[in-house]
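> here is a sequence together with a model predicted from it:
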Amino acid sequence: MTDRTPTTENSNEPVKGRSLWADGIRRLRKRKLAMVCFAVVMMYFMLAGLIYLNEVLDWKITLFDWRQAVGPSYQKPWVGYEWTPEGQTAPQRDWVFFGTDFLGQSTWRKMIYASKTSITVALFASIISILIGVPMGAVAGYFRGWVDDTIVWLYTTVGTIPGIVLIMAFAVVLRAQTFFGAELKGITAVYVAMGLTSWVGICRLIRGEIIKRKESEYVLAARALGCSNRRIIFKHLLPNVFHVIIIDFSLRFVHFIHAEVILSFLGLGEADKPSWGAMIDAARTELARNVWWEMAAATVAIFVVSLALNIFGDALRDCLDPKLRTD
Amino acid sequence: MLAVVFGGCKPGKPSAGREEMVLNQRLEANIQTLDPADVGDTSSDGVCREFCESLYAYDYLKRPHQVVPELAAAMPDISEDGRIYRIGVKQGVYFHDDPCFAGGKGRQLTAHDFVYAFKRLANVRVQSKNWYIFDGRVVGLDDFRNYTKTCEKDKVDYSRPVEGLYAEDDFTLVIKLHRPWPQLIFWLAFLPTAPMAREAVDYYGPDIILHPVGTGPFVLKQWHRGVYLEAVRNPAYREVYYPSEGAPGDAEAGLLRDAGRRLPFIDRVFWRVVVEDQPRWLLLMRGDIDINSIPKDNFGQAVSVVNDLTDEMKRRGMKMQLFDEPSTFWLGMNMSDPVLGSNKPLRYAINYAIDRQRFIEIIQSGKGRLAYGFVPPAMTSYDEGLKDWSPSRFDLQKARAYLKEAEKIHGGPIPKLRLAIGRTGTAQKQTLQFLSRCLTEIGLQIETELYDWPAFLEKLRTSDNQLYFSGWMADYPDAESFLGTFYGPNAPWPNSSNFHNSEFDAVYEQVSVMPDSPRRTELYRKAERIVIEEMPCAFVYHRVGYIIYHDWLDNLKADPYKAEAIGYGQLRYYKVNTQKRTNYRNNVEMKN
């Protein structure tokens, strides 16, 4: 049996084939800015994860204790002050990085804690929308006919309603509703609402990809070998369009973070824990009394994660989509 | 366009030949309706009151508030058993000139217009928000309401007699009650009980909400919904004069300078609808509106630490009045909840955990007084002795001690408690955060819930709550209004804490039919102490109202029951020095 591994022109050394993923990651690594952005995104994820662990394992990390009063109300950033903490009699000198809010809580700690809220909402909303959109798109694209017509009608109808309005409507309806004994409240209602209303884009994308690939040779081969439709869809087709899901996920993530901010701003988000939207909402009225730091802290946090995700998402698309490759 | 309408108003030539006196008012919310029967919000109430009057009103200057005749000829003649009211109606009072009347000339007001207006409130087809006023009170009126349920719309026979509501003659109204109701006099000073000309309702049909045909000092000229509303002086307004007696200090404050002069002074009023606080504040600073409340975020700019105007405001020639509102805000505890209802030490622990002074400083920007009970200091039956007696105060040590006791009763740690608030604004979020922080400080676990107002009310009405932040503002100067919120049969609404106490209920039933007397005040205080002792609510604060206005506005006396000062039938007393306003505006323009 002959070795069928390809060789280069000038040598007999075998050349290893690269998968789509390996090739994509190689290209991605060459993009320094994208890698920096990836590190930033990972930092946000790690912060969110650490905050979770801190709460579950009760590590009592001071940086995440946003409830603690660290100074008087509306203390300016980077300016030293003297105050008497609750339960103490002697005054002490202190300063705080990003100022304090109306309760004397650190804006910096709130900003950090809020990353958990935003990442949680965006992550779960993305997962829910993918879990709905991907199978529906795949089934519609694969079977066509009345199945396709029904799904296309459904997503066209849902798609005609402005996204944020639909999310708000769902968030309002879902709040305080009980499902299987559990009451939906706070951010749970928010990400369920987002997930249930934001599957249209990914559904349409996957449907198109499946239609394009369902007549491919590997699908015909699988069909000739007697594979079931389910096996063809989930074992052969979906893994080959997975890069589309990943790219969509990274870009959709930003959208969900923004949507969470808007919902929190409108009072539909987390009530008793910090979120960037709630911080902006509180700062909106505080700006009149020159309290700018809460608005600034939340805006900076949103700006950095949005920019990083957008740059990284674009780079990922360029590297994983063969049609967009430039190198 | 607005600049042209408001900024460019040229003085007209009023009847007296002097410069036209224009008052620039503001509204914080849109007007929903100008039909007195349908009014259910403060903006509509405040404005509509300038067009429509009631049988009685409150003396503009005297404090405590005194009810005085407005369209009534005198105070009512009440039978000995307190069940029959015979009220004379002033003669020579005319409705506004309006196309609904023959020849467009307003006709004379009679007692029949009151009978019609009250029956209209009872008519189910009118869908009035104000039927609750007479519900179960007037003999035969509930039967009339039931009769209207069988009628088609516009087919209700208003001539159908009602045993307890009729006009004895053209100028005598008779009201017969099922049982004594001393508070009726206050309700007869309410806008929804204003007389209604049947010709207006027939002529305008459903559009009656846009056409207030009353007897008031101003006539509606134009109304651009959501933008502004313009009213002009009623040329046929009867002879009404500025009061010559007031409360102590009124003469020194210059409030009696116009005593005995004919009202109104103002020729034209504009109400601009400006929903957001900041634009409204900036309009006040530019001199485009004459009066405003002080938004929370401009409080520091306007008011100094000693509760006086800041130097900047004084330089601008602003004036300010502060007053105790007849309101109390509290942290309610649902007594039907298994955790809270059977655990009095837990309710005491919650009560002692709330740092009320700090709450007032941070959340209310200092605009409040500590609450020791539910009757506010604005009321004559306010109990000064509560300050020393009441457990309604902040004491962390006591809170922790009571919590330990509460845990023993509960048989372990207290489970997480839900704390809810209505409305989703910044102030409500901050209130929740503050209270949650106070309660977690003593070791309670709190889960906060922010609801929009209808959802919050639904939670209260179905007792689907544990802790909630709420309050009550008296409709009239009688503590009975507050007592009703703790009366057992009123649970779950307005008794949203589901408080049941047979002793309290017995006292309430006794006082609710008693006319004002020292004995009644004594019983009010007894009832209040029963509630405080059982602690279904942790009373937090009584709100203090602030009103700020330019010095060109004269004769303004703040009224705690009409805190926004947008109208409520009081604009007839106001006077504007237009020259001062022009100078101020010129100065502002030069600086810009």
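Alright, I've got the coordinates.

> all helices for chain A, in order.
A:20-30, A:32-57, A:107-143, A:145-160, A:163-174, A:186-197, A:200-213, A:217-224, A:229-231, A:238-240, A:242-265, A:276-286, A:293-320 (DSSP state H).

> between the ones you listed, which one is closest to chain B.
helix A:276-286 (5.1 Å; CB to the nearest CB). (C-beta placed from N, C-alpha, C; glycine too.)

> point me to the residue of chain B nearest chain A.
Taking CB to the nearest CB, chain B has residue B:424 as its residue nearest chain A, at 2.8 Å.

> identify the residue nearest that residue in space, chain neighbours excluded?
Of all residues beyond its chain neighbours, the one nearest residue B:424 is residue A:267 (2.8 Å), with distances taken as CB to CB, 6 or more residues apart in numbering or on different chains.

> thinking that neighbour is in contact with residue A:282, fair?
No - judged on CB atoms under 8 Å, residue A:267 makes no contact with residue A:282 at a distance of 11.1 Å.

> got any residues that touch both of the two?
Counting by CB atoms under 8 Å, 6 or more residues apart in numbering or on different chains, the contacts common to residue A:267 and residue A:282 are residue B:429.

> mean pLDDT lowest for which of the helices of chain A?
Summarising mean pLDDT across the helices of chain A, the least confident stretch is helix A:163-174, with a mean of 79.

> circling back: nearest to residue B:134, of the helices of chain A?
Nearest to residue B:134 among the helices of chain A is helix A:163-174 (35.8 Å), distances taken as CB to CB.

> what's near enough to touch residue A:250?
Applying CB under 8 Å, 6+ apart, one finds that residue A:250 lies in contact with A:309, A:312, A:313, A:316.

> give me that answer again for 6 Å
Taking CB atoms under 6 Å, 6 or more residues apart in numbering or on different chains as the definition of contact, the neighbours of residue A:250 are A:313, A:316.

> separation between the residue nearest to residue B:424 and residue B:389?
Distance check for residue A:267 against residue B:389: by CB to CB, to the nearest Å, it reads 39 Å.

> so the two - more neighbours on which side?
Neighbour tally, residue A:267 and residue B:389, criterion other CB atoms under 10 Å in any protein chain shown: the higher count belongs to residue A:267, 19 against 13.

> doesn't residue B:426 make contact with that one?
No - look at residue A:267 against residue B:426 with CB atoms under 6 Å: they stay out of range, at 8.9 Å.

> setting aside sequence neighbours, what's the nearest residue to residue B:403?
Excluding the flanking residues, the one nearest residue B:403 by CB to CB, 6+ apart is residue B:349, at 4.1 Å.

> pretty sure the one you found is in a helix, no?
Yes - membership of residue B:349 in a helix is supported by DSSP: H, G, I helix; E, B strand; the rest coil.

> can you count the residues close to the residue of chain B closest to chain A?
19.

> and if you look at the one 10 residues further on?
As a burial measure, the neighbour count of residue B:434 was computed by other CB under 10 Å and equals 19.

> what about the one helix or strand it maps to, average pLDDT?
Secondary-structure assignment from DSSP states H and E places residue B:434 in helix B:426-441. The average of the pLDDT scores along helix B:426-441 is 89.

> which element is residue B:68 on?
Using DSSP H and E, residue B:68 sits in strand B:67-69.

> listing partners with orientation, what would you give for that strand?
Strand partners for strand B:67-69, identified by DSSP bridges, are recorded as strand B:56-58 (antiparallel).

> how about residues contacting the partner strand?
For strand B:56-58, using CB under 6 Å, 6+ apart, the contacting residues are B:65, B:67, B:69, B:70, B:72, B:188, B:189.

> can I get those in TSV with neighbour count and pLDDT?
Rendered in TSV, the data for those read as follows (neighbours: other CB atoms under 10 Å in any protein chain shown; pLDDT from 0 to 100):
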residue	neighbour count	pLDDT
B:65	20	91
B:67	19	95
B:69	18	97
B:70	20	97
B:72	22	97
B:188	26	97
B:189	22	96
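
> contact residues of chain A facing chain B?
Taking CB under 6 Å from any CB of the partner chain as the criterion, the neighbours of chain B within chain A are A:73, A:102, A:267, A:271, A:272, A:281, A:282, A:285, A:288, A:289.

> please identify which two of those residues are farthest apart in space.
Counting by CB to CB, the most remote pair of the residues of chain A next to chain B is A:272 and A:288, 25.0 Å apart.

> and the next helix or strand past the helix or strand hosting residue B:470?
Using DSSP H and E, the secondary-structure element containing residue B:470 is strand B:467-473. Note on strand B:467-473: by DSSP H and E, the next helix or strand toward the C-terminus is helix B:480-483.

> ok, residue A:295 - contacts?
residue A:283.
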